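>>> coordinates for the following, if possible.
(one chain, ligands or ions: 1)
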Amino acid sequence: MPLKSTKLHRAKRLKNDEFYTQYQDIESECSNYLEHFFNKVIYCNCDTANSNFVKYFQNLKSQGLIKDILWSGGLNGLDFRSNTSIELLKQSDIVVTNPPFSLFIPYIKQLVKYDKQFLIIGNRNAVSYREVFELIKDNKLWIGTIPFGASMLFDVPEPEKLLIQGKENITYAIKDGIIKARVPATWLTNIHHKNMPKEIPLVKQYTGNETAYPKYDNFDDIEVKCKRNIPYDYMGIMGVPVTFIDRYNPQQFEILGLDKDFTYDGKSVRIGGKNLYTRIFIRRKCNMSEVSNDNRLLKTAV
Ligand SMILES: C[S@@+](CC[C@H](N)C(=O)[O-])C[C@H]1O[C@@H](n2cnc3c(N)ncnc32)[C@H](O)[C@@H]1O
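Numbers count the residues shown, from 1 in each chain. The predicted model follows:
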């Protein structure tokens with residue numbers, strides 16, 4: 001029998017995982033993947049019969065747009081790692097759900113292990129977890145159709161608590177009279193969708209504006225504060241905020257790693273002694289013969 005503290009811990013974790021996805025959010029994201037879903041068995045493995053995911057796919061099934069919908073999990077339901085759940089996983093083609101944020105790493109590892117196509121919701125922080133980031137870097141996982149910076153609203157079991165503990169429009173919002181939790185969440189998928197990132201138009205110039213692109217204290221390459229400032233004439237390593245990933249087009253850029261993989265002290269980047277948020281290190285894809293020794297694009301190549 002589990003120890004009382006373990007039970008309590010599990011109960012607390014389960015409670016923190018109860019964020020229920022709105023039907024309209026599911027419908028608006030999934031509508032971009034309908035051709036992939038056609039004639040497929042969809043599995044929602046963190047869902048009860050009441051889940052809006054289940055309702056949405058039952059609706060698609062009734063219209064003949066998917067082959068079948070399976071579900072299990074949710075509060076007091078089957079663990080997604082149980083044998084029964086894994087058997088259902090093997091029988092299905094595509095997994096679509098909002099899994100518990102607290103188990104996101106084992107959850108995604110299982111999807112990769114069973115080589116599944118998926119469309120899931122994760123906390124925005126998850127993209128800098130090592131396991132998730134490596135998938136993004138290797139172009140095996142990307143952001144869904146909604147910009148990475150947008151947060152999502154979810155129904156919660158005790159919404160009135162948000163009024164006491166939270167802050168309106170930051171941790172909760174009131175929509176049609178219902179209090180909903182606002183969470184920095186994002187759709188993550190390995191299915192090509194209708195809004196895959198096009199190349200970012202690069203309009204800024206590095207040469208002549210070097211002061212706008214300072215070098216890090218603990219790494220000898222440049223900081224680019226936001227993705228629209230990526231210069232067209234700098235071909236070395238650049239640190240960009242994590243929000244870059246919703247515009248990451250592997251034809252245009254290579255993701256090299258997280259900042260701490262490169263810095264001389266193995267820590268996050270700093271400028272003028274000030275720690276910055278996590279940066280992703282990227283480089284333009286190009287023919288190296290077009291690049292000078294100090295990483296500038298040679299004039300002939302422009
Ligand atoms: C973020 S909520 C989302 C629920 C539902 N998928 C939705 O989007 O409305 C995650 C759900 O997974 C459930 N859950 C927690 N641990 C689980 C596990 N090991 N296996 C399956 N489901 C689990 C939670 O109880 C919770 O209901």
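>>> could you list the low-pLDDT ranges of the stretch 101-250 of the chain?
The model of the stretch 101-250 of the chain has no residue with pLDDT under 70.
>>> what ranges do the strands span in it?
Secondary structure of the stretch 101-250 of the chain (DSSP state E, counting those that start in this stretch): strands at 117-123, 142-143, 152-155, 172-175, 178-183, 185-189, 215-216, 219-223, 238-241.
>>> export these to JSON lines and tack on distance to the ligand?
Yep, even glycine has a C-beta here, placed from its N, CA and C like the rest. As requested, these are exported to JSON lines (distance: least, CB to the nearest ligand atom, whole Å):
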{"stretch": "strand 117-123", "distance to the ligand": "7"}
{"stretch": "strand 142-143", "distance to the ligand": "18"}
{"stretch": "strand 152-155", "distance to the ligand": "7"}
{"stretch": "strand 172-175", "distance to the ligand": "16"}
{"stretch": "strand 178-183", "distance to the ligand": "9"}
{"stretch": "strand 185-189", "distance to the ligand": "9"}
{"stretch": "strand 215-216", "distance to the ligand": "36"}
{"stretch": "strand 219-223", "distance to the ligand": "35"}
{"stretch": "strand 238-241", "distance to the ligand": "26"}
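>>> let's have those strands in a markdown table, adding mean neighbour count.
Converted to a markdown table, these look like this (neighbours: other CB atoms under 10 Å):
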| stretch | mean neighbour count |
| --- | --- |
| strand 117-123 | 21 |
| strand 142-143 | 22 |
| strand 152-155 | 20 |
| strand 172-175 | 16 |
| strand 178-183 | 18 |
| strand 185-189 | 23 |
| strand 215-216 | 18 |
| strand 219-223 | 18 |
| strand 238-241 | 24 |
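>>> wait, which of those is closest to Gly64?
strand 117-123 (20.2 Å; CB to CB).
>>> and the contacts of the closest one?
21, 29-30, 33, 36, 93-99, 101, 104, 107-108, 111, 132, 144, 152, 183-191 (CB atoms under 8 Å, 6 or more residues apart in numbering).
>>> next, the buried residues of stretch 271-282.
278-282 (16 or more other CB atoms under 10 Å).
>>> and the ligand, which of these reach it?
Filtering the buried residues of stretch 271-282 for neighbours of the ligand using CB under 6 Å from any ligand atom leaves an empty set.
>>> most widely separated two among those residues?
Thr278 and Ile282 (13.1 Å).
>>> picking that back up, in JSON lines: the strands of the stretch 101-250 of the chain, plus distance to Ile271.
JSON lines is the format used below for the strands of the stretch 101-250 of the chain (distance: least, CB to CB, whole Å):
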{"stretch": "strand 117-123", "distance to Ile271": "27"}
{"stretch": "strand 142-143", "distance to Ile271": "27"}
{"stretch": "strand 152-155", "distance to Ile271": "32"}
{"stretch": "strand 172-175", "distance to Ile271": "34"}
{"stretch": "strand 178-183", "distance to Ile271": "30"}
{"stretch": "strand 185-189", "distance to Ile271": "27"}
{"stretch": "strand 215-216", "distance to Ile271": "6"}
{"stretch": "strand 219-223", "distance to Ile271": "6"}
{"stretch": "strand 238-241", "distance to Ile271": "10"}
